[in-house]
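Student: One predicted model, sequence on top.
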Amino acid sequence: MSKKGKVLVAMSGGIDSTVAALMLHNEGYEVVGITMKTWDYATSGGGTSKKETGCCNIDSFNDARQAAVNNGFPHFILDIREEFGDAVIENFVEEYLAGRTPNPCVMCNTHIKWRALLKRADAMDCDFIATGHYAEVNQHTNGRFYLSKGLDETKDQSYVLWGLQQDLLSRTIMPLGKYHKTEIRQMAIDMGYPELAKKSESYEICFVPDNDYRGFLKRRVDGLEEKVDGGWFIDKTGKKLGKHKGYPFYTIGQRKGLEIALGKPAYVTAIDPEKNTVMLGEEDDLDKNDMFVTKINWGKYDGVTDGMEAITKIRYKDKGAISNLYTADNGLRVSFYENVKSIAPGQSAVFYEGNDVIGGGVIQRGALI
């Protein structure tokens, strides 16, 4: 047994997780590699002509295994397709049918990947689990574990990890958090894996490899087009502007692909699944300064004092905006100093104190009434 401890490393076969595993191996940890098969393209109903991508590519499985073999540590493949489908894909579909915009990566990290890793880590007597995410895990003087942004702001992934609870964070190592992506690419070359440094990265949802979520919904829900066809675009007064193709096929803030001519740019500002209506407005109509967030998971602190100031991010690439947090109805009311655009129910809101994650939750609605 290594003095550093035994660590189960999630290896997708890509550059980040491979370098993370090799870094820990070189630092003296007893490494065990594991690749999780979460999904395959055939299950989506999209046919077999499309190549599987990301964590579900057979070539990636082989790349992960080869890196482990080359460096003398074991590697396993864990099939969690059933768990993934039940939790992540069903939630993805249900959220769109409820008129919201889901974030499946948050759902997967929170409820599937980390829990599956921890369960297998315990079975293998591993002290830790590790991933190739660009974030850091720290411990506060109050004893709580929390996430901090990765050094490389362009790659930081703390936003999609806000749901990780204390028992998971206390066992998690993220060795890439202190590095820039360029440094990781150079490390891959130095470690003898130049091909990894050239690998392209996928930013698509893993189970929607063609990036067509509307087509995915149509394949998953029998008769969906017929059920939602014939709804109306309306303005904020309720005036009908024209027919749309079904409310699940639109998202808050959308401008392109509306297929309606109004003589000026139009944006989706609200979605009503019960009435099958999609409200359109001008860009300024997307501005909000209040929102309500539920399903809170606390990080650095076990709650907040009313009025606590935080930087709140409402989407992955969002720079964040200064806000005050107030407890309300089993959730939080977030009041922004200045208007923010396109607050989308179903998306994640993550609260930061500097680079540290205070906590996060799911946006229920904007502009409290």
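Tutor: Received it, and whenever you're ready, just let me know what you need. Numbering: from 1, shown residues only.

Student: contacts, neighbours, all on C-alpha from now
Tutor: Will do.

Student: tell me the secondary structure for residue 151?
Tutor: Judged by DSSP: H, G, I helix; E, B strand; the rest coil, the three-state class of residue 151 is coil.

Student: Verify the contact between it and residue 183 for me.
Tutor: No: under the criterion of Cα atoms under 8 Å, residue 151 makes no contact with residue 183, lying 11.3 Å away.

Student: Which one of the two is surrounded by more residues?
Tutor: Neighbours were counted for residue 151 and for residue 183 using other Cα atoms under 10 Å; residue 151 has more, 18 against 11.

Student: Identify the residue nearest that one in space, chain neighbours excluded?
Tutor: Once flanking residues are discounted, residue 151 sits nearest to residue 178: 5.3 Å by Cα to Cα, 6 or more residues apart in numbering.

Student: From residue 253, how far out is the one you found?
Tutor: 34 Å (Cα to Cα, to the nearest Å).

Student: cool, residue 80 as well?
Tutor: 34 Å.

Student: go on, residue 25?
Tutor: 45 Å.

Student: lowest-confidence helix or strand of this protein?
Tutor: helix 81-84 (a mean of 83; mean pLDDT, DSSP states H and E).

Student: Does anything pack onto that helix? Which helices or strands?
Tutor: For helix 81-84, there is no helix or strand it packs on, judged by 3 or more Cα pairs under 8 Å, 6 or more residues apart in numbering; DSSP states H and E.

Student: Tell me which residues of that helix come out buried.
Tutor: 83-84 (16 or more other Cα atoms under 10 Å).

Student: if I pick the residue minimising distance to the centre of the chain, what's in contact with it?
Tutor: Centroid-nearest residue in the chain: residue 105, 3.0 Å away (criterion: Cα atoms, centre = their mean). Contact analysis of residue 105 by Cα atoms under 8 Å, 6 or more residues apart in numbering lists 160, 205.

Student: Doesn't it belong to a helix?
Tutor: Yes: under three-state DSSP, residue 105 sits within a helix.

Student: picking that back up, can you name the element that comes right after the least confident helix or strand of the chain?
Tutor: Remark: after helix 81-84, the chain's next helix or strand is helix 90-97, criterion DSSP states H and E.

Student: Report the rounded mean pLDDT for that following helix.
Tutor: Helix 90-97 carries an average pLDDT of 92.

Student: what's the helix or strand for residue 77?
Tutor: Per DSSP H and E: strand 75-79 holds residue 77.

Student: Kindly report the same for residue 337.
Tutor: Going by DSSP H and E, residue 337 is in strand 331-341.

Student: and that strand, what does it pack onto?
Tutor: Applying 3+ Cα pairs under 8 Å, 6+ apart, one finds that strand 331-341 makes contact with strand 287-298, strand 321-328.

Student: Keeping just the C-alphas, turn it into CSV.
Tutor: The C-alpha coordinates for strand 331-341 follow below in CSV (Å, rounded to 0.1, in the frame of the first residue of the first chain):
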residue,chain,number,x,y,z
GLY,A,331,-34.6,27.8,-1.5
LEU,A,332,-32.9,31.1,-2.3
ARG,A,333,-34.0,34.4,-3.7
VAL,A,334,-31.1,35.9,-5.7
SER,A,335,-31.2,39.7,-6.2
PHE,A,336,-28.8,41.0,-8.8
TYR,A,337,-27.2,44.5,-8.6
GLU,A,338,-27.8,44.9,-12.3
ASN,A,339,-30.0,43.1,-14.8
VAL,A,340,-28.8,39.8,-16.3
LYS,A,341,-30.1,38.3,-19.5
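
Student: Quickly run through the sheet partners of that strand, with directions.
Tutor: Counting by DSSP bridges, the strands paired with strand 331-341 are strand 287-298 (antiparallel), strand 321-328 (antiparallel).

Student: any idea which of the ones you listed is most buried?
Tutor: Compared across the strands paired with strand 331-341, strand 287-298 shows the largest average neighbour count, a mean of 20 (mean count of other Cα atoms under 10 Å).

Student: roughly how far is it from the heart of the chain?
Tutor: Between the centre of strand 287-298 and the centre of its chain there are 17 Å (Cα atoms, centre = their mean, to the nearest Å).

Student: cool, and stretch 351-361?
Tutor: 15 Å.

Student: thinking again about what came up before, nearest to residue 164, out of the helices and strands packed on strand 331-341?
Tutor: Residue 164 lies closest, by Cα to Cα, to one member of those: strand 287-298, at 7.7 Å.
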